[in-house]
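1. Let's see this in three dimensions:
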Amino acid sequence: MLWPFSFYFLMFSGFVFFTPYLVLLYRDLGFTGGQIGALVGLTPLITLVGTTVWTGLADSSRRHRLVMGICLAGAVGGLAVFPSLRSFFAILAGIFAVTVFFSPVSALVDSATMHMLGERRDMYGRIRVGGTIGFGVAALAAGVLVERYGLQVALYGAAVLFLLALLISPRLSYSIRNTTQTLPPVPIRRLLQDPRWFGFLTLAFAGGVALASNVSFFYPYLQELGMPESRMGLVFTLGTIGEIPILFFGDRLLQRFPVYRLLLIGMAATGLRLLIFAATTSPAVVFANQLFVNGLAFPVMWLAGVAYADELAPEGMKSTGQGLFTAMVFGFGQAVGGVIGGPLLESIGGRGLNLVYGIVVMATIGVVLLVAQVRKRRVGWIA
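-> Residues are numbered from 1 along each chain as shown. Reported below is the predicted structural model:
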């Protein structure tokens with residue numbers, strides 16, 4: 001399992017070199033709040049479509065390695081030219097190209113990892129922790145480099161890291177349907193015939209809305225608190241330290257708790273984290289929140305989500321199932337969070353934005369629990 005571990009390390013290292021600095025770059029270029037919201041919101045929508053199309057193509061053609069290679073190569077090429085772009089429409093075209101190609105990468109590596117683990121799929125967290133370690137190390141390094149050399153260095157750094165991921169991607173293997181079977185004409189429609197998907201994706205959507213705050217608007221929030229870029233990287237690194245124990249012992253969590261409970265725990269921690277950020281101006285509280293609360297937020301939700309998507313998707317459609325989950329979190333949910341986040345950031349600032357998103361997450365959990373109470377029976381997507 002060295003190869004998927006290494007791939008996660010490189011993928012998330014490249015991700016943290018690139019994505020958190022985009023809004024700062026947009027601000028430096030003089031874009032308005034509406035323009036920033038459009039760029040941030042468009043990116044996840046592209047992810048929503050790109051992920052489902054690419055993963056569906058990979059499953060139907062059974063050419064997962066080829067699709068992964070094309071996507072990583074396209075992302076590297078887009079990042080290599082991105083630093084030279086200046087106008088709004090040029091940036092729009094650049095972010096479109098990078099996102100189209102990068103969109104299925106997370107779903108494809110999740111699908112490969114679950115397949116390669118075989119009967120030990122509950123050990124997914126111990127492989128995925130490679131991404132968390134990479135995220136933390138690279139966040140600290142990126143912060144120092146950006147403070148010293150400027151935002152452009154982050155873009156080139158991401159391109160190099162994704163290129164290294166491309167080089168090891170052929171070592172991944174995937175679940176492939178028996179070639180004598182007839183492939184369904186509309187795989188996603190077949191998946192969605194299972195009603196459990198709709199509730200599951202509702203929770204994923206709320207997680208995506210919250211993720212927009214962490215990915216796109218967290219650095220502007222820290223900037224409002226007066227933090228330099230090097231300390232911003234330290235904040236992200238502390239968050240990953242809190243995630244490592246959860247991911248490493250994720251198999252025990254999956255064995256002990258039903259998946260829906262882990263989803264709700266992760267969502268509740270996510271909402272609490274946002275509300276704490278909204279309530280404080282103290283860097284010390286921010287550091288503590290990242291270290292102690294963040295570990296229960298995204299990693300718990302993601303562990304449960306990947307496991308549940310793998311459970312619901314039939315053989316030969318595992319990548320499509322992971323693509324749906326990824327598209328709802330990084331696509332539709334994050335798009336909604338991004339579109340409203342730009343104007344919110346401009347009008348009420350980072351603390352106000354975190355308050356709004358925290359309320360959204362907690363309200364979603366409340367609706368899920370209310371539905372369960374009203375129906376007075378356990379249904380597949382929350383039980």
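
2. Quick one: residues contacting the nearest residue to residue 21 once chain neighbours are set aside.
-> Among residues not flanking residue 21 along the chain, residue 154 sits closest, at 4.8 Å (C-beta to C-beta, 6 or more residues apart in numbering). Yep, even glycine has a C-beta here, placed from its N, CA and C like the rest. Shown in contact with residue 154 (C-beta atoms under 8 Å, 6 or more residues apart in numbering): 17-18, 21, 142, 145-146.

3. how about the helices of the stretch 151-300 of the chain, start to end?
-> In the stretch 151-300 of the chain, the segments counted as helices under DSSP state H, counting those that start in this stretch are 152-168, 187-192, 196-215, 218-224, 229-248, 250-256, 259-279, 283-292, 298-312.

4. Could you save the ones you listed as TSV and add columns showing mean pLDDT and distance to residue 83?
-> Putting these into TSV (pLDDT from 0 to 100; distance: least, C-beta to C-beta, whole Å) gives the following:
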stretch	mean pLDDT	distance to residue 83
helix 152-168	93	4
helix 187-192	66	36
helix 196-215	83	20
helix 218-224	87	18
helix 229-248	80	17
helix 250-256	83	37
helix 259-279	90	30
helix 283-292	89	29
helix 298-312	85	29
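
5. Can you add distance to residue 103 and give those helices back as JSON lines?
-> Conversion of the helices of the stretch 151-300 of the chain to JSON lines gives the following (distance: least, C-beta to C-beta, whole Å):
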{"stretch": "helix 152-168", "distance to residue 103": "13"}
{"stretch": "helix 187-192", "distance to residue 103": "15"}
{"stretch": "helix 196-215", "distance to residue 103": "13"}
{"stretch": "helix 218-224", "distance to residue 103": "21"}
{"stretch": "helix 229-248", "distance to residue 103": "22"}
{"stretch": "helix 250-256", "distance to residue 103": "25"}
{"stretch": "helix 259-279", "distance to residue 103": "22"}
{"stretch": "helix 283-292", "distance to residue 103": "27"}
{"stretch": "helix 298-312", "distance to residue 103": "16"}
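
6. Which among those helices is found nearest to residue 337?
-> Relative to residue 337, the nearest member of the helices of the stretch 151-300 of the chain by C-beta to C-beta is helix 196-215, separated by 2.7 Å.

7. what separates the closest one from the chain centre, distance-wise?
-> When distances are taken as C-alpha atoms, centre = their mean, to the nearest Å, helix 196-215 is centred 10 Å away from the chain's centroid.

8. May I see the buried residues of it?
-> Of the residues in helix 196-215, those scored as buried under the neighbour-count criterion (16 or more other C-beta atoms under 10 Å) are 196-197, 199-215.

9. orientation of it relative to helix 298-312 in degrees?
-> Angle of helix 196-215 versus helix 298-312, following axes from the mean of the first three to the mean of the last three C-alpha atoms, to 10 degrees, is 150 degrees.

10. quick one, helix 196-215 and helix 229-248 angle?
-> 150 degrees.
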